[in-house]
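Asks: sequence-free structure coming up:
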C-alpha cells in the first residue's frame, strides 16, 4: 500500500508539479516496490539505533562518522528521494476537508491489525499520548505535563504490559467529530470491547458519573480518579479529612465514590469495588490502602509503559512533514512495541527493545525485489550453409528456419 501511494505521488510530482525542474533530483525517480519500502524502513530503524546528527553522515566516507551498512542497502540519493516522496494516502481533492486524510488509511489498517492479533486482559486503560512535533499544523497541541510539550495528540487504549489496542488521533475541536469530549473518546475507543466484562481505568479527565452508568449498561466496569466539580457527585465526599481517613458513598446502581486522605486528597470512582482496604509494603513499613487505589495504580500505567518502550532507540527525527512523523511513529514505534509484546508472550523470552529493533532491521533489509520475467531473446547462430562458397555471407540458422517455415 505504501509503495503504491508513494509511486502515485511521485509520478504526479514529476509530471504535474512546477517544482520539478529539468535538473531536479526527482527527475531521477524510479518506481519503488514493497521490498524496497521494507529496506527503506529498515534503514530508518538503523537511524534510531545509531544516532548521528545528520542523515548525510550515515553515507559519509569520513573515518570517524562513516557507516558501512547504509550504502550496502541503498544510496543516499535514493534514500532521500524515497523520504521526500513517502506517502500513505491518495492525493484526492475530496479528502481536503479531512485534516487526517494523509494518515487515515494507514491508521485504520494498523488498528485492525492491532485488534485482530491480540486479546487484551481484563484491565484496560485509556490515556493521551503526544507525538513530538513543532510543525505548522492547525491541530498541534500543548500539554505542559508531557515530556514533549508540543505535538500531535493521540488517544490510546492500552493494556498491561504496554500493548496498544486502538489509537485515535486528535484533529482539533473544529475538525474532529469523535474526539471532542471525554465521553465520546472513551466510547469510541471501547466500541469493540463492550459487553465483554472488561474493567476500564481512566484519569480524572475522562471519569464521570454518566460514563460509569453507560459502561455499566454495556457490562463494563470503570475505575478512576474523578474531579470534585463533576456533576451528580454526592456532597458528603467533600468533607475535610485527616491523613488516613476516608468517606465513601455508593449509589443504587453500584457506583462507589470515595475520598481518601493520603499526602493529599484522592477522589475516586469505581463500579467494581466496595470500601475495602488492603495492607501493602512501602519501603520498610506496611501501610493500609484502599483496594480501589491499588487496582488503579496497577493498571493505570499501561499507556505510559507503551510510550516508554517506544522511546528506546526511537527513529523519530526532526521533520516539517507531520504526517510522515506520525506514520513512522505508528509503524516503527507503536507497532514495534506491540510486536515485542506478542513475541515475549508467545516465546516466553525476554529481549531488550534495541535488540528487537536490530532483528527487525536485519529482516527488513534482507528483502529482495522479485525479478521480473522477461521474454527470452532468440539466440542467433551463424553457420555457413553447405554448397556455399567461403566468401559468401553467413546466414543465421534459426532465422533461416523461421523464414522457411513461413
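Replies: Yep, it's here. Just so it is clear, the structure is predicted and the values come from calculations on it, not from any experiment. Residues are numbered from 1 along each chain as shown.
Asks: so which residues of this protein form helices?
Replies: 2-15, 34-49, 69-73, 76-85, 101-116, 182-189, 209-217, 291-300, 302-311, 322-329, 335-347, 353-365, 397-405 (DSSP state H).
Asks: in JSON lines, list the ones you listed along with mean neighbour count and distance to residue 200.
Replies: (Each C-beta comes from the backbone N, C-alpha and C, glycine too.) Putting those into JSON lines (neighbours: other C-beta atoms under 10 Å; distance: least, C-beta to C-beta, whole Å) gives the following:
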{"stretch": "helix 2-15", "mean neighbour count": "17", "distance to residue 200": "33"}
{"stretch": "helix 34-49", "mean neighbour count": "20", "distance to residue 200": "33"}
{"stretch": "helix 69-73", "mean neighbour count": "15", "distance to residue 200": "44"}
{"stretch": "helix 76-85", "mean neighbour count": "17", "distance to residue 200": "39"}
{"stretch": "helix 101-116", "mean neighbour count": "16", "distance to residue 200": "16"}
{"stretch": "helix 182-189", "mean neighbour count": "18", "distance to residue 200": "7"}
{"stretch": "helix 209-217", "mean neighbour count": "18", "distance to residue 200": "6"}
{"stretch": "helix 291-300", "mean neighbour count": "18", "distance to residue 200": "9"}
{"stretch": "helix 302-311", "mean neighbour count": "20", "distance to residue 200": "11"}
{"stretch": "helix 322-329", "mean neighbour count": "21", "distance to residue 200": "25"}
{"stretch": "helix 335-347", "mean neighbour count": "16", "distance to residue 200": "20"}
{"stretch": "helix 353-365", "mean neighbour count": "16", "distance to residue 200": "27"}
{"stretch": "helix 397-405", "mean neighbour count": "11", "distance to residue 200": "76"}
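Asks: residue 166 pairs with what?
Replies: residue 157 (DSSP bridges).
Asks: what about it, how many residues nearby?
Replies: 23 (other C-beta atoms under 10 Å).
Asks: contacting residues for residue 203?
Replies: The neighbourhood of residue 203, defined by C-beta atoms under 8 Å, 6 or more residues apart in numbering, consists of 127, 224-225, 300.
Asks: tell me the spacing between it and residue 104.
Replies: To residue 104, residue 203 is 27 Å away according to C-beta to C-beta, to the nearest Å.
Asks: in the stretch 151-300 of the chain, where is pLDDT below threshold?
Replies: 174 (pLDDT under 70).
Asks: now do the strands in it.
Replies: Per DSSP state E, counting those that start in this stretch, the stretch 151-300 of the chain carries strands over the ranges 163-169, 199-202, 221-225, 246-250, 256-261, 265-270, 277-282, 285-290.
Asks: mind listing what the last one pairs with, with the direction of each?
Replies: Strand 285-290 sits in its sheet next to strand 277-282 (antiparallel), going by DSSP bridges.
Asks: can you check the fourth one too?
Replies: The partner list of strand 246-250 in its sheet, established with DSSP bridges, is strand 256-261 (antiparallel).
Asks: the partner strand to helix 291-300, inter-axis angle?
Replies: Here strand 256-261 runs at an angle of 90 degrees relative to helix 291-300 (axes from the mean of the first three to the mean of the last three C-alpha atoms, to 10 degrees).
Asks: domain map for the chain?
Replies: Domain segmentation of the chain under automatic domain parsing yields 2-95+312-365, 118-305, 377-406.
Asks: now the ones you listed in CSV, please, with extra columns for distance to residue 109.
Replies: CSV is the format used below for these (distance: least, C-beta to C-beta, whole Å):
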stretch, distance to residue 109
domain 2-95+312-365, 9
domain 118-305, 12
domain 377-406, 42
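Asks: out of those domains, which gets nearest to residue 110?
Replies: domain 2-95+312-365 (5.7 Å; C-beta to C-beta).
Asks: from residue 79, how far off is the residue lying closest to residue 80 once chain neighbours are set aside?
Replies: Excluding its sequence neighbours, the residue lying closest to residue 80 (C-beta to C-beta, 6 or more residues apart in numbering) is residue 55, at 7.0 Å. Using C-beta to C-beta, residue 55 is found at 8 Å from residue 79.
Asks: nearest residue to residue 118 in space, please, no chain neighbours.
Replies: residue 163 (5.7 Å).
Asks: I'd guessed that neighbour sits against residue 306; true?
Replies: Yes - Residue 163 is within contact range of residue 306, at 7.3 Å (criterion: C-beta atoms under 8 Å).
Asks: give the residues shared as contacts by these two.
Replies: Shared contacts of residue 163 and residue 306 (C-beta under 8 Å, 6+ apart): residue 337.
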